[in-house]
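K.L.:
Pasting the sequence and the predicted model now:
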Amino acid sequence: MVTLSDSIEVKSFGKVFPNSGSEKRTPYDHQKKAMEYLDKINRFPSYSTLVVLPTGGGKTYTASMWLLKNALDKKKKILWIAHRQMLLEQAAESFQKYAYAELIPHISSFSFRIVSGSSSHDRTSDIQADDQLLIISKDSIGRNLNRLDSWLCGQQEIYLVVDEAHHSTAKTYRKVIDYVRGKVPHVKLIGLTATPFRTAVEEQGLLAKIYSDGIKDGMAVHGEIGITYQISLKELINRRILSKPIFESYYTEEEYGNSIGIDALESIQRLDVIPEGIARQMADSAARNKLIVETYKAKHKEYGQTIVFAVNVIHAIQLSKLFNNEGIPADFVVSDVKDYITGVTLSREENDRKLQAYRDGKLQVLVNVNILTEGVDLPKTQTVFLARPTVSTILMTQMVGRALRGPDAGGTPSAYIVVSFVDHWNEHIAWVNPESLFDGNNEFTDSPIERVKHDLRMIAISKIEEFASILDSTVDTTALEKVPFEKRIPVGMYAFSYLEENGMDHSYQVMVYDSTEEAYRNLMDALPSLFKSYESTDEYLSENVILDMEQQCRDTFFCGEMIPPYESRDIINILKYYSQYEAIPQFYTFDEIDRSKLDVAAIAKHIRDTGMSWAAEEEYINSLWDNADDNMLRLFFGGRKLNFFQQLSIERTKLMGGYDDVDRKPPVIFGQRKLEDMPLYRIGEIAPELEKILRDGAFEKSKNERGEYQCACCGITDTSKIFFQVDHIVPMNNGGKSIPENLQILCRKCNGKKGDKK
């Protein structure tokens, strides 16, 4: 009978004893070069650097081999951090597998411990001072940094490794790095990644602040370059380490474009998430699923072992069943986070069992939902089926990389990347074509032409709602239509991405217009003060705090007339980004876009000024739209000619004086109420500039002799408006009015207390 005092074997901690003899695997030239360059950078007592190897290039192998020799064998401790449990286990397995006596001749063993939220791993409370290799999830240690104190105590030098280091700009990673640096004099920080700078300029800046040392012209340098070693995907293919892909396309004839609304478009373009309803359609499509299975069955000998990337959990289960029904051994793996739609969750042990069956050749097909993208070694994979599209270049690179192990790496000379289980989609969606990953010298750099096209696609998505509103006769868009058309073209955008709590990337773009540019600039300047005023240090803010912050930002910066207006959801996403990275999002200008080609007002004026005949006018307008060499208009209007014609008609009406204000007798005579009897936000809906005057006046009146804003209740002062809120001295429900004499400013704490007493 088992009792509480009984023991069972666990794999979350232990001691590793060196294997006798020498490792039979010979590192590839790029791995040798990476280790050679790490030797050079390691001469510095402290450093922070990146090692960049594409998916399949052996990041974990290279790092563990080098650290066995240069850290563990010299009795230096290693703290290895990652954001997924699978990555933690892979790292531990690599250290155990390659711990040969020739690499660690000066020690008889070393201890390791894996710490995460998984039931099969240890907790931070289990960390022991004599652990030599500590492999830990970033969230587990981020919440319990003081648990490192005894482990770090007395250490003069430590190796800190961040796996999938493109995520290390997140607040928790930076908090851990700073904490360790505060405890240990010499920290040697090594980031491992396949995608160092992603595709966003702002992430380059953030990463450069963390990883500032590297190799330049064969020499180790401080503060100039953050990369010790880097090799491209193409070069590994040329060296036969990774295989050269062959692309095939199969068309499903399924139609999803007509059912996509504005919210769905944003979900896809900004989150890379296919909306639930459409995903269900795709998963349940018998014809589409049959095509996927029949395609594999027809060429199963050529395709060999295949990974299928499915749309969702339901899709993975259904495809796995269909493959097995056709006599093709298949199974599915999903995240160990419960899927609340299906109720399906698989434990790590179940996933491990299925992965091992695939490695052993017992399964020919492994269906998954995006969990086999980072850090999983499946060397016998010959083919990848992309049964879901993606707008993420990073995700596409990771998916394609699953099958690129080349002949010199025990793989195949070529991989079948079956991209086009291609459906008919709304043309606004910029799905990534996997073949584009291999165009150009750098798979993470777009040409100027592609940048313009990308920017225009982003703008087009942002304008869909605006154009739809103008076409809708039930929506009053008179104020918007009166704005000069060139002012309705964004001047730039804030583009950024952050991690959701489930580990998924969330990408977002905030369009900025002439009307909102100054407000956004002021908001960005105030973000540090805003978070300080809320005493917020959490990486993931609660919904209540986010909504309260957004309202504060609106009242402080975005009151007044702004056409086009700001969007509250944009502010919310900026706040989520800042809470995670404590950095201002990068602002991209649209300077490379030739605005004259988008200015419909100028087109209308040209038609009027040249006195074109009806036939000439029609030919001219069609030529602008159909010009194959310059399709900026089509991109801007999302391929919808009707929108273009509608906007052109509006601008021509303006030129003819058709938008002058005229007196219209209302069909109903309503009661009257003075604006002073309305709350400020309601005044803002009717007369936004008046609201701004009242708010600005209240702040101006509150200044003390030093020019600081001062709370009328507790007297706290500050130079920033972000700490204060405008308040009615006599509440409106007690007869108070929205007039300058009845307005004051209070700090949020006092305003909250006053509200509680009402």
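P.N.:
Perfect, thanks for sending it.
K.L.:
count of residues packed around residue 216?
P.N.:
Residues within reach of residue 216, counting by other C-beta atoms under 10 Å, total 11. For every residue, glycine as well, the C-beta is placed using N, CA and C.
K.L.:
Need the phi and psi values for it.
P.N.:
phi -130, psi 120 (degrees, to the nearest 10).
K.L.:
Residue 723 is in contact with residue 749, correct?
P.N.:
No: using C-beta atoms under 8 Å, residue 749 is not in contact with residue 723, being 9.5 Å away.
K.L.:
Need the residues touching each of those two.
P.N.:
Here residue 749 and residue 723 have no joint contacts, going by C-beta atoms under 8 Å, 6 or more residues apart in numbering.
K.L.:
of these two, who's got more company?
P.N.:
Between residue 749 and residue 723, counted using other C-beta under 10 Å, residue 723 has the larger neighbour count: 24 against 14.
K.L.:
my read: the more buried one touches residue 531, true?
P.N.:
No: with contact defined as C-beta under 8 Å, residue 723 does not reach residue 531; the gap is 11.4 Å.
K.L.:
Helices of the stretch 351-500 of the chain, start to end?
P.N.:
All helices of the stretch 351-500 of the chain, identified by DSSP state H, counting those that start in this stretch, fall at 393-401, 448-471, 478-482.
K.L.:
so where's the stretch 51-200 of the chain uncertain?
P.N.:
Applying pLDDT under 70 to the stretch 51-200 of the chain flags residues 195-200.
K.L.:
And the helix or strand harbouring residue 554, what does it pack against?
P.N.:
Counting by DSSP states H and E, the element that carries residue 554 is helix 543-557. Judged by 3 or more C-beta pairs under 8 Å, 6 or more residues apart in numbering; DSSP states H and E, the packing partners of helix 543-557 are helix 517-533, helix 568-581, strand 724-728.
K.L.:
how far off helix 568-581 does the first one point, in degrees?
P.N.:
Angle, helix 517-533 to helix 568-581, by axes from the mean of the first three to the mean of the last three C-alpha atoms, to 10 degrees: 50 degrees.
K.L.:
Can I get helix 517-533 as CSV, trimmed to CA atoms?
P.N.:
Only the C-alpha atoms of helix 517-533 are listed here, as CSV (Å, rounded to 0.1, in the frame of the first residue of the first chain):
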residue,chain,number,x,y,z
GLU,A,517,-0.7,62.9,-33.9
GLU,A,518,-0.1,65.5,-31.1
ALA,A,519,-2.3,63.7,-28.7
TYR,A,520,-0.5,60.4,-29.2
ARG,A,521,2.9,62.1,-28.8
ASN,A,522,1.8,63.5,-25.5
LEU,A,523,0.4,60.2,-24.4
MET,A,524,3.7,58.4,-25.2
ASP,A,525,5.6,61.0,-23.2
ALA,A,526,3.3,60.5,-20.2
LEU,A,527,3.2,56.7,-20.2
PRO,A,528,5.9,56.3,-17.5
SER,A,529,4.1,58.8,-15.2
LEU,A,530,0.8,57.1,-15.9
PHE,A,531,2.0,53.7,-14.8
LYS,A,532,3.8,55.2,-11.8
SER,A,533,0.6,56.9,-10.7
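K.L.:
separation between residue 45 and residue 694?
P.N.:
59 Å (C-beta to C-beta, to the nearest Å).
K.L.:
follow-up on the earlier one: check the helices of the stretch 351-500 of the chain for me: which has the lowest mean pLDDT.
P.N.:
For those, mean pLDDT drops lowest on helix 448-471, to a mean of 64.
K.L.:
can you list the domains in this structure?
P.N.:
The chain breaks down into these domains under automatic domain parsing: 13-231, 238-440, 483-589, 675-757.
K.L.:
for the stretch 651-758 of the chain, what spans make up the strands?
P.N.:
709-710, 717-718, 724-728, 743-747 (DSSP state E, counting those that start in this stretch).
K.L.:
As a markdown table, those with mean neighbour count, distance to residue 388 and mean pLDDT would be great.
P.N.:
Listed next are the strands of the stretch 651-758 of the chain as a markdown table, based on neighbours: other C-beta atoms under 10 Å; distance: least, C-beta to C-beta, whole Å; pLDDT from 0 to 100:
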| stretch | mean neighbour count | distance to residue 388 | mean pLDDT |
| --- | --- | --- | --- |
| strand 709-710 | 20 | 52 | 96 |
| strand 717-718 | 16 | 50 | 94 |
| strand 724-728 | 22 | 46 | 94 |
| strand 743-747 | 22 | 49 | 95 |
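K.L.:
Quick one: closest of these to residue 561.
P.N.:
strand 724-728 (18.1 Å; C-beta to C-beta).
K.L.:
Do I have it right that residue 313 meets residue 369?
P.N.:
Yes: with contact defined as C-beta under 8 Å, residue 313 reaches residue 369; the gap is 5.8 Å.
K.L.:
shared neighbours of those two, anything?
P.N.:
Common neighbours of residue 313 and residue 369 (C-beta under 8 Å, 6+ apart) are residue 334.
K.L.:
Comparing the two, which residue is more hemmed in?
P.N.:
The neighbour comparison of residue 313 against residue 369 (other C-beta under 10 Å) goes to residue 313, with 24 against 21.
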